[in-house]
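> Only the shape, not the letters, is given here:
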Ligand SMILES: Cc1cc2nc3c(=O)[nH]c(=O)nc-3n(C[C@H](O)[C@H](O)[C@H](O)COP(=O)(O)O)c2cc1C
């Protein structure tokens, strides 16, 4: 799978205290346009899994080329997230946190799921989109980050 180049997203949810929670994910893809449904695979060992199971809601934030530090930060376990990474959130519809400065935000509601092995595949309908069209995406390939030149 490391030979498949992807963009990088940060999945935003809310924790048991209602505070924003986030994790890096690249299993995101489109399922269909009518209705607008996307797919995400979440490992059962993540905190995000419990929060998505409870609320049925999550945000997909597509990272901009300048957000490698954010992608690397949210790929760590929460107890290991140290360092000087500047992250701020706004609130989308349904209370889903949106990650400020990302390229695209999609507010999603789970419409189907399938458990396989140690992951659950979620299908979710996109209820809200916020775009920053001037951005260029961050990429991930063979465990390394890539930053395409601006157009
Ligand atoms: C580029 C990249 C992509 C990742 N994609 C996923 C993914 O699609 N699903 C997943 O469950 N974890 C994925 N991870 C791992 C999670 O980011 C990692 O387990 C994180 O610590 C989970 O955070 P949480 O326990 O706070 O939810 C990815 C990590 C990296 C570096």
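Structure's in. What do you need? Treat the numbers as computed from the prediction; the structure is a model and nothing was measured.
> How about residue 150: what's its closest non-neighbour residue?
Once flanking residues are discounted, residue 150 sits nearest to residue 136: 5.2 Å by Cβ to Cβ, 6 or more residues apart in numbering. (C-beta placed from N, C-alpha, C; glycine too.)
> what about that neighbour, neighbour count?
Look at residue 136: counted by other Cβ atoms under 10 Å, it has 14 neighbours.
> which residues touch it?
64, 65, 103, 147, 148, 149, 150, 151 (Cβ atoms under 8 Å, 6 or more residues apart in numbering).
> Wasn't residue 150 part of a helix?
No. Residue 150: not assigned to a helix; according to DSSP: H, G, I helix; E, B strand; the rest coil it is coil.
> got the contact list for the nearest residue to residue 139 once chain neighbours are set aside?
The shortest distance from residue 139 to any non-neighbouring residue, by Cβ to Cβ, 6+ apart, is to residue 146 (4.0 Å). By Cβ under 8 Å, 6+ apart, residue 146 lies in contact with 5, 138, 139, 140.
> was I right about the second one contacting residue 147?
Yes. The pair residue 138 and residue 147 qualifies as a contact (Cβ atoms under 8 Å) at a distance of 6.6 Å.
> which residues are common contacts for the two?
Contact criterion Cβ under 8 Å, 6+ apart; residues shared by residue 138 and residue 147: 65, 66, 68.
> The first one - how many residues pack around it?
Think residue 65. Neighbour number of residue 65 under other Cβ under 10 Å is 18.
> ok, it touching residue 134?
No. With contact defined as Cβ under 8 Å, residue 65 does not reach residue 134; the gap is 11.4 Å.
> what's around residue 101, how many residues?
Residue 101, neighbours per other Cβ under 10 Å, totals 16.
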